[in-house]
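Trainee: Below are the sequence and a predicted model for it; my questions follow.
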Amino acid sequence: MRRARFILHTILCLLLLSCSQPERQPQEALVLTDDLGRELTLQKKPERVFAFASSMTEMLYAVLDTSTIIARTPTDDYPEAVYRKPLVSNYPVDYEQVLVLKPDLIFTVEGITPLEVAERLQQLGVPVYYQKYRTVEDIFTGIEDIGRIMGREQQSRQLTDSLRQEVASIKARHQKDEPQRVLAITWSDPIYVYGQNTIFTDKLRILGAENAVQEVFEQPYPALTREYVLKLNPDVLLGGTKEELEERFFSLYPELRRIKAYQHNRLYKPDDNLMSRPSPRVVESLRELEGFLYP
């Protein structure tokens, strides 16, 4: 009888204890709309993320607690801490490794990850969030976007406020300068260049200069003929040192030695990562370009 009373007493205590515990409220689903207008539904605020674009990896490290960044891709090389993360292929995508890593969300950039890849990952339960950039300001709003999604609004805002102040200071120095016409090449044969519809154009605007390519092509990095480059006749040519350009560019197109940039020895080699990545280091890129334009 005593044993029966003891068991009954224990059961009543457990029932009372369970009733006194507050019910756990399920986390509300997080609905996101990315820069391509794609709607994503996450079951909770993401805690395990990484990026398929090196520029966005830099953004994540600038804003997030690094413990939430769970992987890197082969092109990620900044900051140094990225090398401590597991490597996963983003081209072609190693779907098996992605699933092993169990990310809550993957960030990427328009033009880097094909939409069919994002759709495949979505089917596997891994949402992919796209950003796109046309101006320097778009980079800052992208950083703030990451902060909002990841619950790091204060950190992202502090960073973008600082970057905006630096950009404003650089811009103020060059608003009365005579615009220099700048051509930046990305490949020599054929001649691919930074087109009008790239962030490079906005960087030049901030620096009181302009992209020599005024026509808007369908592709952001169009291929140009030598005749077209002669017609542009840029004041400044970016793409390599004079020695490098002589070897791999002007040797192919000797008539282009007539352009102003060559005649006045205005040939410069920018840091490729700073030029090509829409990342928090955009101010470093502006300073580098400023040094070329106003030596």
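Mentor: Perfect, I can see it now.

Trainee: going forward, measure contacts and count neighbours with C-alpha atoms only.
Mentor: Will do.

Trainee: if I look at Leu99, how far off is Tyr262?
Mentor: Leu99 is 51 Å from Tyr262, where distance means Cα to Cα, to the nearest Å.

Trainee: What ranges does the stretch 1-150 of the chain have for its strands?
Mentor: Along the stretch 1-150 of the chain, the stretches classed as strands by DSSP state E, counting those that start in this stretch are 30-33, 39-42, 49-51, 105-109, 128-131.

Trainee: Give me whichever of the ones you listed is most buried.
Mentor: Burial of those is given as mean neighbour count (mean count of other Cα atoms under 10 Å); strand 49-51 ranks first at a mean of 24.

Trainee: Now do that strand: everything it contacts.
Mentor: Under the contact criterion Cα atoms under 8 Å, 6 or more residues apart in numbering, strand 49-51 has outside partners 57, 60, 68-73, 103-108.

Trainee: to the chain's geometric centre, what's the distance from it?
Mentor: Using Cα atoms, centre = their mean, to the nearest Å, we find the averaged C-alpha position of strand 49-51 to lie 12 Å away from the chain's own average C-alpha position.

Trainee: thinking again about what came up before, out of Leu99 and Tyr262, which sits in the busier spot?
Mentor: Regarding Leu99 and Tyr262, a neighbour count based on other Cα atoms under 10 Å identifies Tyr262 as having more, with 20 against 13.

Trainee: So for the more buried one, what's the pLDDT?
Mentor: pLDDT for Tyr262: 98.

Trainee: so who does it touch?
Mentor: Tyr262 makes contacts with 237, 256, as judged by Cα under 8 Å, 6+ apart.

Trainee: Going forward, the N-terminal residue is numbered 310.
Mentor: Understood, numbering begins at 310; the last thing we discussed is Tyr571.

Trainee: helix, strand or coil for it?
Mentor: When the structure is reduced to helix, strand and coil (DSSP: H, G, I helix; E, B strand; the rest coil), Tyr571 reads as helix.

Trainee: quick one: it and Ile458, what's the gap?
Mentor: According to Cα to Cα, Tyr571 stands 47 Å off from Ile458.

Trainee: buried ones in the longest strand belonging to the chain?
Mentor: Longest strand of the chain, by residue count under DSSP state E: strand 490-496. Counting neighbours by 16 or more other Cα atoms under 10 Å, one finds that the buried residues in strand 490-496 are 490-495.

Trainee: List the contacts of stretch 346-356.
Mentor: Counting contacts by Cα under 8 Å, 6+ apart, the residues outside stretch 346-356 that touch it are 336-343, 377, 413-414, 436, 438, 458-460.

Trainee: give me every residue that touches the residue positioned nearest the centre of the chain.
Mentor: In the chain, the C-alpha nearest the mean C-alpha coordinate belongs to Ser364, at 3.1 Å (Cα atoms, centre = their mean). Ser364 makes contact with 586-588 under the criterion Cα under 8 Å, 6+ apart.
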